[in-house]
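In: no sequence on this one, just coordinates:
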């Protein structure tokens, strides 16, 4: 009876270990899939935000004919991504003509919160490219580096 008892204990130990290993693998697989789903959704949100920014910048440029994104100001030294983003949320006055904000900000939310990258594992910011040789051609994409505004003479991609 002693030998038979040892065999049963070993069987129970092997079964317990097998169940533990299977559960561990299942949990890790679930976490991996959840993480992938999170990353995909964050990426889609960032792409959606890039599209919204692109449409707003294009509409502004067409309405105002301001292809240099000066927003009616003479100081081009302060041109940059953050300035463009801030100006698109404001009423802009150019040559005594007022233009309503091109971007809305939800109540109680800051510009930084609204346009924060969702998938921060893949992206760090947005890249705005203004193609100066093409009328009103703007490209905005989530970017693996910090926010950047680029004016280029190159051909369209």
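Out: Yep, that arrived. These figures come from a predicted structure and were not determined experimentally. Numbering: from 1, shown residues only.

In: how much space between the spatially most central residue of the chain and residue 81?
Out: Nearest to the geometric centre of the chain sits residue 46, at 2.8 Å (C-alpha atoms, centre = their mean). Using C-beta to C-beta, to the nearest Å, we find residue 46 at a distance of 15 Å from residue 81. Just so you know, the C-beta spots here come from the backbone N, C-alpha and C atoms, and that holds for glycine as well.

In: Mind telling me what element the residue nearest to the centre of the chain is part of?
Out: Using DSSP states H and E, residue 46 sits within helix 2-64.

In: what's the average pLDDT for that helix?
Out: Mean pLDDT, computed over helix 2-64, is 76.

In: swap in stretch 81-99?
Out: Mean per-residue pLDDT for stretch 81-99: 90.

In: any idea how far stretch 63-79 is from the chain center?
Out: With C-alpha atoms, centre = their mean, to the nearest Å as the basis, stretch 63-79 stands 25 Å off its chain's centre.

In: buried stuff in that stretch?
Out: Within stretch 63-79, the residues that qualify as buried are 64, 67, 69, 71, 79, counting by 16 or more other C-beta atoms under 10 Å.
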